[in-house]
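Novice: this one's structure only:
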């Protein structure tokens with residue numbers, strides 16, 4: 001589940017960077033073009049927050065599994 005959130009966050013970050021580069025390429029031909037800050041910042045900040053949240057939660061589950069395996073090994 002967390003891997004899916006990591007991928008969604010990563011794709012949102014990639015989308016925002018692609019959107020920014022597309023905007024600058026289009027701005028060369030049309031100087032009046034304005035960057036939609038709502039689309040750019042929403043996808044960038046949403047992607048970063050999803051990615052960080054998924055990494056933190058996924059990391060804590062790995063440590064919980066490690067502790068469980070250590071206690072099982074000590075019992076043996």
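Specialist: Everything's here; your move. Everything numeric here is computed off the predicted structure, so don't read it as measured data.
Novice: would you confirm that residue 33 contacts residue 22?
Specialist: No. With contact defined as Cβ atoms under 8 Å, residue 33 and residue 22 do not form a contacting pair (10.4 Å). (Glycine included, C-beta is placed from N, CA and C.)
Novice: so which bits of the helix ranked longest in the chain are buried?
Specialist: Secondary structure of the chain per DSSP state H: the longest helix is helix 37-75. Neighbour counts over helix 37-75 (16 or more other Cβ atoms under 10 Å) mark 40, 43, 44, 46, 47, 50, 51, 54 as buried.
Novice: need the contact list for the most centrally placed residue in the chain.
Specialist: In the chain, the C-alpha nearest the mean C-alpha coordinate belongs to residue 9, at 2.6 Å (Cα atoms, centre = their mean). Residue 9 sits next to 46, 47, 48, 49, 50, 51, 52, 53, 54 when contact means Cβ atoms under 8 Å, 6 or more residues apart in numbering.
Novice: same deal with residue 3?
Specialist: Contacts of residue 3 (Cβ under 8 Å, 6+ apart): 54, 58.
Novice: which strand or helix spans it?
Specialist: Take DSSP states H and E as the rule and residue 3 turns out to sit in helix 2-29.
Novice: the residue nearest to the centre of the chain and residue 22, how far apart?
Specialist: 20 Å (Cβ to Cβ, to the nearest Å).
Novice: need the helix or strand of the chain with the lowest average pLDDT.
Specialist: In the chain, no helix or strand scores lower on mean pLDDT, DSSP states H and E than helix 37-75, which sits at a mean of 87.
Novice: quick one, the longest helix of the chain and helix 2-29 angle?
Specialist: For helix 37-75 against helix 2-29, the angle by axes from the mean of the first three to the mean of the last three Cα atoms, to 10 degrees is 160 degrees.
Novice: check the offset of helix 37-75 from the chain's centre.
Specialist: Put simply, helix 37-75 sits 11 Å off its chain's centre (Cα atoms, centre = their mean, to the nearest Å).
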